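Novice: build me a structure from this.
(one chain, ligands or ions: 1)
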Amino acid sequence: MERKTLYPTSHLYNLAILAMLSLGSFPSSSSLSFDFYAASCPSAEMMVKNTVRAASSLDPTLPGKLLRLLFHDCFIEGCDASVLLQGNGTERSDPANKSLGGFSVIDSAKRLLEIFCPATVSCADIVALAARDAVEFAGGPAVRVPTGRRDGKVSVAANVRPNIVDTSFTLEEMVKIFAAKGLSLDDLVTLSGAHTIGSAHCSSFSDRFQLNSKGKLTRVDASLGKDYAAKLAKQCPAGASLSVTVNNDPETPALFDNQYYKDLLLHKGLFQSDSVLVSDQRTTNKVVELANDQQSFFESWGESFMKLVSIGVKTGDEGEVRQSCSVTNG
Ligand code: HEM
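Specialist: Predicted structure coming up:
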């Protein structure tokens, strides 16, 4: 007769887990969770929030920069802080990332975290949390962000262009890139609402109108309002310094609200990629919904933001927790 096992298999499994835990060999969690740092660094989120608040109070351009930094991080190699790595040929060195900012805020938060919780909190989590806090600082919704991301070791400039959206893209081209990241048409409309804060350099939209030698408008994109174009042309005259910037949202530039969608309906979308959202029925309905109801925008934002911060994350034993955000541990 076959000998009966002393313990049911589930009991054996539990014993094995206990043994692995006591030996410290249990693989770390392989997915994001809301309480990831509850035991290892309970103040982690508060430290990031305080850093973002303090920096943004001194420099109001930072919330926009921190939010865009997350977008450019997550679309290339997933949300793994690959955008922060410095050096020849890294994502950060690519011309498409030239105007990114907010790096010093991430570095400050990391320095603080390394003092209180050494080698614990990833730079990828700091980027995601800082973007969330930036939105809240600007008056947007406070959303929960799961943590447990690990930092990537790969950052290649050549991967930037094929994965990022350009202002000249058609709706179809944008939908394709977003879909490749698991984001829907509605996510595209909702996340584009990020352009309710922050600013842009003249070169990002100046091909939408033409000025003659006397500074008069001679050509304006059909999707751009004439008065708005004239205002932009004034802010970006021929020969303007390359550092000149214009607010993305001409009405409430520092406030994270649903004004961006109202602007779109009034033909005041700054980029061509903003304007195309009201050129197609598939996206126009969502724009109208969000323009009419800020609460609806905030709810959609919570859902789409959650998808954004979860793109291609590395967890468990993948990647590493960097000691300094701009270099791999080596
Ligand atoms: C859908 C396609 C998108 C395109 C084509 C696009 C393009 C751009 C461009 C060209 C700028 C101005 C850069 C400059 O001249 O300095 C900009 C700014 C910005 N973008 Fe987007 N973007 C897109 C989607 C997003 C998404 C999904 C987010 C975040 C969720 C985002 C957040 C921002 C923010 C906050 C700024 C202002 C940055 C600052 O103030 O420095 N964008 N975007």
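
Novice: which stretches of the stretch 151-300 of the chain form strands?
Specialist: Ranges of strands in the stretch 151-300 of the chain, per DSSP state E, counting those that start in this stretch, are 199-201, 209-211, 217-220, 245-247.

Novice: nearest to Phe36, of those?
Specialist: strand 199-201 (33.3 Å; Cβ to Cβ). The way it works is simple: take the backbone N, C-alpha and C, and place the C-beta from them, glycine included.

Novice: for the closest one, which outside residues touch it?
Specialist: 61, 64, 99, 242-248, 253, 270-271 (Cβ atoms under 8 Å, 6 or more residues apart in numbering).

Novice: and with 10 Å instead?
Specialist: The contact list for strand 199-201 (Cβ atoms under 10 Å, 6 or more residues apart in numbering) reads 61, 64-65, 68, 98-99, 167, 206, 236, 240-249, 253-254, 270-271.

Novice: the residue in the stretch 151-300 of the chain that the ligand sits nearest to - how many residues pack around it?
Specialist: Residue nearest to the ligand within the stretch 151-300 of the chain (Cβ to the nearest ligand atom): Gly198, separated by 2.4 Å. Applying other Cβ atoms under 10 Å, we find 24 residues neighbouring Gly198.

Novice: residues contacting it?
Specialist: Gly198 neighbours (Cβ under 10 Å, 6+ apart): 61-68, 101, 134, 138, 245, 247-249, 253-254, 256.

Novice: nearest spatial neighbour of Thr147, chain-adjacent residues omitted?
Specialist: Phe36 (4.1 Å; Cβ to Cβ, 6 or more residues apart in numbering).

Novice: so what's the one you found up against?
Specialist: So Phe36 contacts 28-29, 44-45, 120-122, 125, 146-149, 315 (Cβ under 10 Å, 6+ apart).

Novice: of those residues, which is the nearest to Arg53?
Specialist: The closest of those to Arg53 turns out to be Glu45 (Cβ to Cβ; 12.3 Å).

Novice: ok but the closest one is inside a helix, no?
Specialist: Yes: per DSSP: H, G, I helix; E, B strand; the rest coil, Glu45 lies within a helix segment.

Novice: does it touch Ala142 like I think?
Specialist: No: Glu45 lies out of contact with Ala142 (Cβ atoms under 10 Å); the separation is 11.3 Å.

Novice: mutual contacts of these two, please.
Specialist: What both Glu45 and Ala142 touch, as defined by Cβ under 10 Å, 6+ apart, is the set 132-133.

Novice: quick one, which of these two is more surrounded?
Specialist: Between Glu45 and Ala142, Glu45 has the larger neighbour count (other Cβ under 10 Å), namely 20 against 11.

Novice: Asp125 versus the more buried one, what's the distance?
Specialist: Distance, Glu45 to Asp125, by Cβ to Cβ, to the nearest Å: 9 Å.

Novice: cool, Gly101 as well?
Specialist: Computed as Cβ to Cβ, the Gly101 to Asp125 distance reads 20 Å.

Novice: okay, helices next: where are they in the protein?
Specialist: 9-23, 44-58, 62-74, 103-116, 123-137, 160-163, 171-180, 185-192, 226-235, 259-265, 272-275, 281-292, 294-308 (DSSP state H).

Novice: relative to helix 281-292, how tilted is the last one?
Specialist: Angle between the axes of helix 294-308 and helix 281-292 is 120 degrees (criterion: axes from the mean of the first three to the mean of the last three Cα atoms, to 10 degrees).

Novice: in helix 294-308, what's buried?
Specialist: 296-298, 300-301, 304-305, 307-308 (16 or more other Cβ atoms under 10 Å).

Novice: ok, back up a step: higher neighbour count, Gly101 and Asp125?
Specialist: A count of neighbours by other Cβ under 10 Å puts Asp125 above the other of Gly101 and Asp125, at 30 against 15.
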